[in-house]
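Colleague: here is my input, please return the structure:
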Amino acid sequence: MNRSQMIKSTLFFFVCWLIGTQCGWGQSGHTAKLIEGAKREKEVIIYGTMDLRGANLLNDKFRESYPFLDVKLNRFGSGNLVPRALAEVRAGKQLSDILQTNSLGLHFLRKEGILGHYVSPEDGFYPKEFKDQGYWTTTNMNVHVLAYNTKLITRERLPRTYEELLNPIWRGKMVLDASEQWLALMVQIMGKDRD
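Modeller: Numbers count the residues shown, from 1 in each chain. Take a look at the predicted model:
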């Protein structure tokens, strides 16, 4: 089994676990081959950005269903995972089987031709907003919120839209995360053609 097939089989196993099914039920010949290949491989290497507690819960559940696979987690900050994966591929030494990071990072990896295409039988259970069919499926979500200091700003003065945050009265009075996720979220909400 080559590396690409192993990645596909591992993603298949994770998707099965995520929706609460046992992959062994009614296995197709193709699925049985993937499981046999995984048994020979004996390990799954994950590069992830999920918090350690959540990742351990997910990995422990996976181990219960597939005790023949040793799950090895390598945690990275979201800004480090994509460059690491790119560097490994370019050096011809791809070490990870699963990449778990934000959709923006996966977008860039797909654009580079690094992600293998695989449509899981469970793909139909996920709405289109939670996947890039055959490349990634959402396993968790980050919620972005606006918060304010109630001692400095009254409820009546609060901006009602993101556009209102551009008003000069807020200059020097905001703190924000300047990460790529925040910018991507704003582009998604406001549209990329907005000034």
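Colleague: quick check: mean pLDDT of stretch 86-104?
Modeller: What stretch 86-104 shows for mean pLDDT is 85.
Colleague: how long is that stretch from one end to the other?
Modeller: 14 Å (Cα to Cα, to the nearest Å).
Colleague: number the residues from 14 up from this point.
Modeller: Renumbered: residue one is now 14, and that last one reads stretch 99-117.
Colleague: check which residues of it are buried.
Modeller: For stretch 99-117, the neighbour count (16 or more other Cβ atoms under 10 Å) marks V102, S109, D110, I111, L112, Q113, T114, N115, S116, L117 as buried. The C-beta positions use only the backbone N, C-alpha and C, and glycine is treated the same way.
Colleague: pick the one among the residues you listed closest to A68.
Modeller: Q113 (7.6 Å; Cβ to Cβ).
Colleague: next, the closest one: phi, psi?
Modeller: According to degrees, to the nearest 10, the main-chain angles of Q113 amount to phi -120, psi 100.
Colleague: wait, it sits on I59?
Modeller: Yes: counting by Cβ atoms under 8 Å, Q113 touches I59, with 6.1 Å between them.
Colleague: overlap of the contact sets of these two?
Modeller: Common neighbours of Q113 and I59 (criterion: Cβ atoms under 8 Å, 6 or more residues apart in numbering): A68.
Colleague: number of residues surrounding L47?
Modeller: 22 (other Cβ atoms under 10 Å).
Colleague: helix, strand or coil for it?
Modeller: helix (DSSP: H, G, I helix; E, B strand; the rest coil).
Colleague: how does this structure divide into domains?
Modeller: Domain ranges of the chain: 16-150, 156-208, per automatic domain parsing.
Colleague: winner for burial among the ones you listed?
Modeller: domain 16-150 (a mean of 16; mean count of other Cβ atoms under 10 Å).
Colleague: now find how far off-centre that one is within its chain.
Modeller: Put simply, domain 16-150 sits 9 Å off its chain's centre (Cα atoms, centre = their mean, to the nearest Å).
Colleague: so how far is L159 from I48?
Modeller: Separation of I48 from L159 (Cβ to Cβ, to the nearest Å): 46 Å.
Colleague: could you list which of the buried residues of stretch 99-117 belong to strands?
Modeller: I111, L112, Q113 (DSSP state E).
Colleague: and the first one, what are its bridge partners?
Modeller: Which is I111. I59 (DSSP bridges).
Colleague: which other helices and strands does the helix or strand hosting H43 contact?
Modeller: Assessed by DSSP states H and E, H43 sits inside helix 42-54. With contacts defined as 3 or more Cβ pairs under 8 Å, 6 or more residues apart in numbering; DSSP states H and E, the packing partners of helix 42-54 are helix 16-31.
Colleague: give the rounded mean pLDDT of the helix it packs on.
Modeller: For helix 16-31, the per-residue pLDDT averages 50.
Colleague: rewinding a little: just the mean pLDDT for the helix holding H43, thanks.
Modeller: Helix 42-54 carries an average pLDDT of 83.
Colleague: tell me which stretches of this protein form helices.
Modeller: 16-31, 42-54, 65-78, 91-103, 116-124, 193-203 (DSSP state H).
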